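> model this:
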Amino acid sequence: MRKLSGRRILLILCALVTATVALWILFLQPSGMYPQPDQSQQGPFVTLELKDPPSEGVILLEGYGGTWLSPRMLCSLESAARAHPDIPVTLLMTSPVVRETALLQALKTNFPNLQLLQLNVDLLFKGSILAFWYKERMWEKSRWPKSHFNDILRWLILRKYGGIYLDLDVVILRSLSSLPNCTGLESDKWVAAGVLKFSPEHSVIEGCIERIAEHFDGTVWGANGPELLTEVLHHTCDLQLPSGQTPTCKDVKVMPTRAFYPIPWWEWKRYVTEDEDLSHEILNDESVYALHVWNLHTQHAKVDLRSHQPYASAARIHCPITVNHSGAYM
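Model prediction:
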């Protein structure tokens, strides 16, 4: 067998290193979901209190271990606190610290119902049917380990505390307090998991956790979010599509796409495209409660806060403090 030359070995090693770095960028690093801070947005680290959030409030989750909250994430937080002044709004973080920027300080000063806490992940899994899954670090077998771990935290948080759960790329337009237990359609085929409201230990949430314990799927991006929830609603509530009716779950409402996902993910560019008529239509429609702005797709697009992009128009109204701290772009 002919021996490999030193040059050929070096080329092979370079190729392997390049492939490894590419995989890390695509699937592992948290910045694949959220941008990293620039120097103007740095601040001192503040230690977060490690305790349970209030039950049945509003909960948002930073489950990627990040220590900095981007203006877009803080826009989501501000809009939730602004729309729900009479109930607690909590951002749970898996990081024990957060950078205390001027914007974050301003939000905490202006919204007494707002708090940031460190999530006690060990306690969350302890005693649940996913304790073994957590102990064996099963999420590391996923193609998107950080994202899928974040998905699983969502179900356990809702099971334990109940209330309203929001992704950190959701802008709230009006209060969700009057809604029953609910989720929302993102299309004629799928129920989404970016906006959820359930009472603690609800059978639908229990069903999601049980299915993860039985068969965790790390090969499909939405397997532990929309696909999981749609399957459980079919099994538990006899979900009818595309109507969203749930005949055997009288206490669960599947909201129409217009409620939380008025622009579908495959049309995400419309959120960041100049369109005054669309902005006016969405923001003045009382059937639209929230805008899920599809951060996976929009994260690299500029949101011009002086424009009539629907995202920018919503931000000026529903997270004005964030806008005032963000300059021309967010």
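
> in the chain, where's the longest strand?
strand 191-198 (DSSP state E).

> give me the sheet partners of that strand and which way each runs.
Strand pairing for strand 191-198, determined by DSSP bridges: strand 163-166 (antiparallel), strand 181-185 (antiparallel).

> how about that strand: buried residues?
Of the residues in strand 191-198, those buried by neighbour count under the rule 16 or more other Cβ atoms under 10 Å are 191, 192, 193, 194, 195, 196, 197, 198. No exception for glycine: its C-beta is placed from N, CA and C like everyone else's.

> would you enumerate the residues in contact with the third one?
With contact set as Cβ atoms under 8 Å, 6 or more residues apart in numbering, residue 193 has these partners: 151, 154, 183, 225, 226, 228, 229.

> equivalent analysis for the first one, please.
Neighbour list for residue 191: 183, 184, 185, 226, 229, 230, 233, 239, 244, 254 [criterion: Cβ under 8 Å, 6+ apart].

> before we move on, the earlier item: nearest to residue 318, out of the strands paired with strand 191-198?
Checking these against residue 318 by Cβ to Cβ gives strand 163-166 as the closest, at 12.8 Å.

> after that closest one, which helix or strand is next?
Heading C-terminal from strand 163-166, the first helix or strand you meet, by DSSP states H and E, is strand 170-172.

> backbone dihedrals for the closest residue to residue 246 other than its chain neighbours, please?
Once flanking residues are discounted, residue 246 sits nearest to residue 237: 3.8 Å by Cβ to Cβ, 6 or more residues apart in numbering. Backbone torsions of residue 237, given as degrees, to the nearest 10, read phi -120, psi 10.

> tell me the contacts of residue 237?
204, 246, 247, 248, 249, 252.

> swap in 6 Å and give it another go.
246, 248, 249, 252 (Cβ atoms under 6 Å, 6 or more residues apart in numbering).

> most neighbours among those, which one?
Counting neighbours by other Cβ atoms under 10 Å, residue 246 comes out on top of the contacts of residue 237 with 23 neighbours.

> state the distance from it to residue 50.
Separation of residue 246 from residue 50 (Cβ to Cβ, to the nearest Å): 37 Å.

> follow-up on the earlier one: now the strands paired with strand 191-198 as JSON lines including distance to residue 326 and mean neighbour count?
JSON lines is the format used below for these (distance: least, Cβ to Cβ, whole Å; neighbours: other Cβ atoms under 10 Å):
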{"stretch": "strand 163-166", "distance to residue 326": "20", "mean neighbour count": "24"}
{"stretch": "strand 181-185", "distance to residue 326": "28", "mean neighbour count": "23"}
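
> distance to residue 71 and mean pLDDT added to those strands, as JSON lines?
Conversion of the strands paired with strand 191-198 to JSON lines gives the following (distance: least, Cβ to Cβ, whole Å; pLDDT from 0 to 100):
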{"stretch": "strand 163-166", "distance to residue 71": "17", "mean pLDDT": "98"}
{"stretch": "strand 181-185", "distance to residue 71": "25", "mean pLDDT": "98"}
